[in-house]
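Student: Please work out how this folds:
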Amino acid sequence: MRYRREYAKGSVAPYTKNGRTMWRGSIGEYTISEAVDEDGRPVHLANGDRKLNRKRRVLFKQFGDIPCKPYKAGGKTKYSGQRQAEEALGEWRQALIDKAEEDFAKVPKFGYDGMLLSEYVERYLDEREQDGIEPSTLDYYRKSLRRATKFFEGYTVADVDQDALRSFERHMSAKGLGGTTRLHTLKTLQAAYAAHKRQMSSHPFEEVSRCPWWPTRTPADPNPLDDDSLRRVLRDLDANPPTEFFVAVGLAIRTGMRQGEICGLMWSDVDLSTGAIRITRAIGRMNNECYVKAPKDTRRRNAKTGGQRWVAGSPKLRDLLNRRYSHMVEEYMAENCATAEEAEGAMAELYVVGGVDGSFLNPGTLGYKWQGYAQSLRGVKGRRPSFHCLRDTFISRAITVANVDPLTVSRTVGHADASFTMRT
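Tutor: Got it, this is the predicted structure:
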């Protein structure tokens, strides 16, 4: 869909800056689409093609070369140079109109139909990156859309229809991709089409989710530790010194925190007197590089909590954290030849499972260490558990053994709602 820009007549007014008074002109800009509603009235679009309402944007221009000096006339203050300022405003408005009409004539009615799908996808990903999307999420989108552009090589945006999508879904299924992967791939491509669907003559995803071939999610298959493996892990936690690895395992099994959240936990977010933990950051990974990011569930948190998630303390958790704290204080004193007071003052800026130099533990490194440690461990499904299975262990035991209600557990572990907790 094409959009036409229109401009109000505008007005001029005196403007003082840095002790200098000059004329300033303002013009209202309107973005109007070619579309019409059921009554034949133009559909006004604001902010691109995402909201169906009219929006005025004021443009400013200063006329510094036009004199603006106040003088008294009939008991009121007036300003000189207004006629010249209004003439300059008219010239500026006409230049904006000419430029807008020139740009409008260059845009085809359906601007994206003839574009190659691969080019359109790259443009969509660039837009999402400019929107500030989380890097690892953007990388996941890029990998998903790469499957589509490889299959639809040479296709234009308009060439992709429901039959082509059906062939693409069969192709992914033949390669052995699971239902969740196929669904996410199609939904990511659907989001790319939806971003500019008003500038396309057709949208291949209209009503497509109701088709019988539309993939469904593969059911989650959690694998919490069985009783023997759990007893061994808890025994090792008590018998070994509070190293980075064992403290990370203890946090996962006693709080249900995600792997990146454990690596991003700092002492400033820990209450040593109770063992309570505030989760404010996580460590993300992309292309073998780590970065600090907001926790996964930031958008879903209740506004009353200020967007923060807390994990309640317990005696076992408090003891684990205090052992780790004392261990790091001693390590800091030995490393920096510091006093105990200086070491405790520096702890707030250190990571719980990091080094005394301020570094954090790489989530990938933590995963590799767990793989070596868990060789002889088994989950309830008979498989060797991954590090994420410690989170499953906390959730399952909190509900089935400690009789904690699912809503409280879902808030503790950062799930979207209690139903998601019960499903997984």
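Student: which residue ranges form the strands in the chain?
Tutor: 3-7, 11-17, 20-36, 42-44, 56-63, 70-73, 76-79, 277-279, 282-286, 289-293, 309-311 (DSSP state E).
Student: so of those strands, which one's packed in deepest?
Tutor: strand 277-279 (a mean of 22; mean count of other CB atoms under 10 Å). Glycine gets a C-beta too; all of them are placed from N, C-alpha and C.
Student: That one - contacts with which helices or strands?
Tutor: strand 309-311 (3 or more CB pairs under 8 Å, 6 or more residues apart in numbering; DSSP states H and E).
Student: Starting from the strand it packs on, tell me which strands it pairs with and how they run.
Tutor: strand 277-279 (antiparallel) (DSSP bridges).
Student: which other residues reach the partner strand?
Tutor: The contact list for strand 277-279 (CB atoms under 8 Å, 6 or more residues apart in numbering) reads 255, 257, 261, 265, 269-271, 295, 308-311, 313, 317, 414.
Student: tell me the least confident of these?
Tutor: Lowest-confidence member of these: residue 308, scoring 73 (pLDDT).
Student: and the closest residue to that residue other than its chain neighbours, how far is that from residue 186?
Tutor: Among residues not flanking residue 308 along the chain, residue 278 sits closest, at 5.8 Å (CB to CB, 6 or more residues apart in numbering). Distance from residue 278 to residue 186, counting by CB to CB, to the nearest Å: 38 Å.
Student: now residue 396
Tutor: 32 Å.
Student: With neighbour numbers in mind, choose between these two.
Tutor: Comparing residue 396 with residue 186 by neighbour count (other CB atoms under 10 Å), the higher total belongs to residue 186, at 22 against 18.
Student: need the contact list for the closest residue to residue 247 other than its chain neighbours.
Tutor: Nearest non-adjacent residue to residue 247, counting by CB to CB, 6+ apart: residue 324, 4.8 Å away. Residues near residue 324 by CB under 8 Å, 6+ apart: 242, 247, 352, 353.
Student: quick one on the thing from earlier: and residue 128, which of the strands of the chain is closest to it?
Tutor: Closest of the strands of the chain to residue 128 is strand 282-286, at 14.3 Å (criterion: CB to CB).
Student: contacts for that closest one?
Tutor: By CB under 8 Å, 6+ apart, strand 282-286 touches 134-136, 139, 258, 260-261, 263-264, 290-296, 360, 362-364.
Student: then it to CSV, C-alphas only?
Tutor: What follows is strand 282-286, C-alpha atoms only, in CSV (Å, rounded to 0.1, in the frame of the first residue of the first chain):
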residue,chain,number,x,y,z
ALA,A,282,21.0,-12.9,32.4
ILE,A,283,24.0,-13.8,30.2
GLY,A,284,23.1,-14.5,26.5
ARG,A,285,25.1,-16.2,23.9
MET,A,286,25.4,-15.7,20.1
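Student: Which pLDDT value does the model give the closest residue to residue 413 other than its chain neighbours?
Tutor: Distance criterion CB to CB, 6+ apart; nearest residue to residue 413, sequence neighbours excluded, is residue 256 at 4.1 Å. For residue 256, the pLDDT comes out at 92.
Student: What of residue 3?
Tutor: 65.
Student: same thing with residue 124?
Tutor: At residue 124, the pLDDT recorded in the model is 92.
Student: Is it correct that it is in contact with residue 195?
Tutor: Yes: look at residue 124 against residue 195 with CB atoms under 8 Å: they come within range, at 5.6 Å.
Student: still on that earlier bit, could you turn the buried ones of the contacts of residue 324 into a PyMOL selection?
Tutor: To isolate the buried members of these in PyMOL, using 16 or more other CB atoms under 10 Å:
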select buried, resi 242+247+352+353
